[in-house]
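Q: Okay, sequence plus prediction incoming.
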Amino acid sequence: MPTEPLIKLLTSLDVSFSAEQANTIPGPHQRALFVALALNPNSQISRDWLADLLWPEATQSQARQRLRMTLLNLRKAFEVGGQVSIEANNDAIWLNAATGSVDVMIFESLTENPKNWPQALELYKGNLL
């Protein structure tokens with residue numbers, strides 16, 4: 001497991017990378033899309049499901065169009081490079097990320113064993129909600 005996760009979701013409302021790029025993702029829909037993908041790395045997620053999640057009040061056609069624009073803007077705002085990429089086809093979108101690069105996944109793994117709890121707490125340094 002890396003000592004410093006590449007994708008940090010635990011410590012702020014913004015999604016940021018801590019490696020070479022330290023960017024945050026602008027816009028609530030872009031952040032929500034990225035978080036949904038990051039919580040399921042390397043798993044294809046249905047475009048229809050994501051569209052319904054992010055725009056439940058819109059028609060399916062409107063939501064799919066908004067999803068396309070959000071994905072386009074997310075890719076433009078966040079060109080990460082080799083370690084993480086957002087991939088898509090006509091039916092699904094997914095985040096290609098190295099195993100152990102998302103702090104939430106590392107945290108969950110560490111909390112399974114009480115001996116690792118101090119390491120898990122190091123990943124989360126914010127205020128308890």
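A: Arrived safely, thanks for sending.
Q: which stretches of this protein have low pLDDT?
A: 1-5, 11-24, 77-83, 99-100, 125-129 (pLDDT under 70).
Q: any idea where the strands of it begin and end?
A: Secondary structure of the chain (DSSP state E): strands at 7-8, 16-17, 45-46, 84-88, 92-97.
Q: Check which helices and strands the first one is in contact with.
A: It stands for strand 7-8. Applying 3 or more CB pairs under 8 Å, 6 or more residues apart in numbering; DSSP states H and E, we find strand 7-8 packed against strand 16-17. Where you see a C-beta, it was placed from the backbone N, CA and C, and this is true even at glycine.
Q: Among the strands of the chain, show me which one is buried the most.
A: Compared across the strands of the chain, strand 7-8 shows the largest average neighbour count, a mean of 24 (mean count of other CB atoms under 10 Å).
Q: count of neighbours near the residue nearest to Ala51 when sequence neighbours are not counted?
A: Of all residues not flanking Ala51 in the chain, Ala63 sits nearest, at 3.6 Å (CB to CB, 6 or more residues apart in numbering). By other CB atoms under 10 Å, 20 other residues sit near Ala63.
Q: I'd assumed Asp52 was in contact with Ala63.
A: Yes: between Ala63 and Asp52 a contact is recorded at 6.5 Å, counting by CB atoms under 8 Å.
Q: now the helices for this protein?
A: 28-38, 47-54, 60-77, 103-111, 117-123 (DSSP state H).
Q: Could you say which one of those helices comes nearest to Leu9?
A: Closest approach to Leu9 among those is made by helix 103-111 (5.1 Å; CB to CB).
Q: List the buried residues of the closest one.
A: Using 16 or more other CB atoms under 10 Å as the test for burial, helix 103-111 gives 103-107, 110.
Q: Redo these as JSON lines? Include distance to Asn42.
A: As requested, those are exported to JSON lines (distance: CB to CB, whole Å):
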{"residue": "Asp103", "distance to Asn42": "16"}
{"residue": "Val104", "distance to Asn42": "14"}
{"residue": "Met105", "distance to Asn42": "11"}
{"residue": "Ile106", "distance to Asn42": "15"}
{"residue": "Phe107", "distance to Asn42": "18"}
{"residue": "Leu110", "distance to Asn42": "20"}
